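Asker: Predicted coordinates and the sequence they were generated for:
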Amino acid sequence: MKQRKLWVWSLIFSCMIGMLVSLSAATSNDPLALWPQSPPDETLTLGAEYDTTTEDSNLVAGKRVMRLGNVSQPTITLYRPQPHLDTGVSILICPGGGHHILAWDLEGTEVADWLNRIGVTGIVLKYRVPARDPDVRWKSAVQDAQRAMRLIRSKAAEWRLDPDRMGILGFSAGGQTAVMTSVLHQTSQYLAMDELDTLSARPDFSILIYPAWLVDESGSSLRPDIQIDASTPPMFFAHAMDDPVTPKNSMIMGAALQEAGVSSEVHLYDGGGHGFGLRPSRFPCTTWPDAAEKWMRYRGILPD
């Protein structure tokens, strides 16, 4: 009996150590590779990743932006909230950059910081740029996003994430990536590589901030590769009316979702242009995180 008690306590201790190690690994902000080998359909040989921003590059809200180029090794990086705030909700973050670069801090790590403050695990996706296929510019990004959603889902228990509250958030080209990941969740954009690829890539909800390339050239209809059905996740949109990346992307997509019986919420702001992220400014559009948080609480994603 004494030996059995010792064995039980030893097992409990080992499990606790394992959980602490897993949690430590999940909070270390170390990038985690998406693919076991070369990414699918890889066609480019690029130099090392580098920050393409120069002294002449535009500032946003008076601050420099890290514009990451030459991404060949897609990863996700985990940012956890404080344990007393943690709601179990997680969101994959897709920075924008026109499928040329990634606005890594403005639309990536700074977004994760905001999510952490409201109890959400932010997971920043470093997807491949520049785009690999000039005819289907979103494809390599969506391949990476689908793989990332599957990887996150496989880690739900280890990372203490709710498997039914896993969302996606994207800006501009990253917004297109998030939309295509949401609407194409039943069709994998790459051949399965391992058991991970049997898991669902469907986000449970989507947040789109000034998404790009959702409407056709006429600006009156969605692109034909965007097909919405009842299984499409609910979506939140924020867009400035003076954005050169037309706000019709959000308006028409939001209306199409409603027509299909899928919940959507669209916030349009008088000014702010494009690429404002969430850095505070004189423009009301930078308050979209407050509206997105309220929407998540209204939808039951976050607790009231």
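Answerer: Structure received.
Asker: how about the strands in the stretch 151-300 of the chain?
Answerer: With DSSP state E, counting those that start in this stretch as the criterion, the stretch 151-300 of the chain has strands at 166-171, 205-209, 235-240, 264-269.
Asker: Select, out of the ones you listed, the one closest to residue 50.
Answerer: Closest approach to residue 50 among the strands of the stretch 151-300 of the chain (Cβ to Cβ): strand 166-171, 20.9 Å. Bear in mind the C-beta positions are built from the backbone N, C-alpha and C, glycine included.
Asker: then that closest one to PDB, C-alphas only?
Answerer: The C-alpha trace of strand 166-171 is given here as PDB (Å, rounded to 0.1, in the frame of the first residue of the first chain):
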ATOM      1  CA  MET A 166     -10.500  29.700 -31.700                       C
ATOM      2  CA  GLY A 167     -10.700  32.800 -34.000                       C
ATOM      3  CA  ILE A 168      -8.700  34.500 -36.700                       C
ATOM      4  CA  LEU A 169      -7.900  38.200 -37.100                       C
ATOM      5  CA  GLY A 170      -6.400  39.900 -40.200                       C
ATOM      6  CA  PHE A 171      -5.400  43.300 -41.500                       C
END
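Asker: Who does it pair with, and is each partner parallel or antiparallel?
Answerer: strand 90-94 (parallel), strand 205-209 (parallel) (DSSP bridges).
Asker: Return the most buried member of these.
Answerer: Highest mean neighbour count among these (mean count of other Cβ atoms under 10 Å): strand 90-94, with a mean of 28.
Asker: For the strands of the stretch 151-300 of the chain, give me TSV that also has mean pLDDT.
Answerer: Shown next, in TSV, are the strands of the stretch 151-300 of the chain (pLDDT from 0 to 100):
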stretch	mean pLDDT
strand 166-171	98
strand 205-209	98
strand 235-240	98
strand 264-269	98
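Asker: Make JSON lines out of the strands paired with strand 166-171 and add distance to residue 66.
Answerer: Below are those laid out as JSON lines (distance: least, Cβ to Cβ, whole Å):
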{"stretch": "strand 90-94", "distance to residue 66": "14"}
{"stretch": "strand 205-209", "distance to residue 66": "18"}
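Asker: hmm, back to that, tell me the most buried of the strands of the stretch 151-300 of the chain?
Answerer: Stretch with highest mean neighbour count among the strands of the stretch 151-300 of the chain: strand 166-171 (a mean of 29; mean count of other Cβ under 10 Å).
Asker: Quick one: work out the angle between it and strand 235-240.
Answerer: Per axes from the mean of the first three to the mean of the last three Cα atoms, to 10 degrees, the angle that strand 166-171 makes with strand 235-240 is 20 degrees.
Asker: now strand 166-171: how far from the chain's centre is it?
Answerer: 4 Å (Cα atoms, centre = their mean, to the nearest Å).
Asker: and if you look at stretch 245-264?
Answerer: That offset, for stretch 245-264, works out to 19 Å (Cα atoms, centre = their mean).
Asker: For it, buried residues please.
Answerer: For stretch 245-264, the neighbour count (16 or more other Cβ atoms under 10 Å) marks 245-254, 256-257, 262-264 as buried.
Asker: and the end-to-end length of that stretch?
Answerer: Taking Cα to Cα, to the nearest Å, the first and last residues of stretch 245-264 lie 20 Å apart.
Asker: who's in contact with it?
Answerer: Outside stretch 245-264, the residues that touch it by Cβ atoms under 8 Å, 6 or more residues apart in numbering are 172, 175, 179, 208, 210-215, 219-222, 226, 228-230, 232-241, 265-266, 268, 274, 299.
Asker: Do you know the pLDDT at residue 44?
Answerer: Among the per-residue scores, residue 44 holds a pLDDT of 82.
Asker: what's the neighbour count on it?
Answerer: Residues near residue 44, counting by other Cβ atoms under 10 Å, number 11.
Asker: What of residue 120?
Answerer: Residue 120 has 27 neighbours, counted by other Cβ under 10 Å.
Asker: Go ahead and confirm it touches residue 82.
Answerer: No. If you go by Cβ atoms under 8 Å, residue 120 and residue 82 don't touch, sitting 11.6 Å apart.
Asker: Which residues does the residue most central in space within the chain form beta bridges with?
Answerer: In the chain, the centroid-proximal residue (Cα atoms, centre = their mean) is residue 93; its distance is 2.5 Å. Beta-bridge pairing of residue 93 under DSSP bridges involves residue 124, residue 169.
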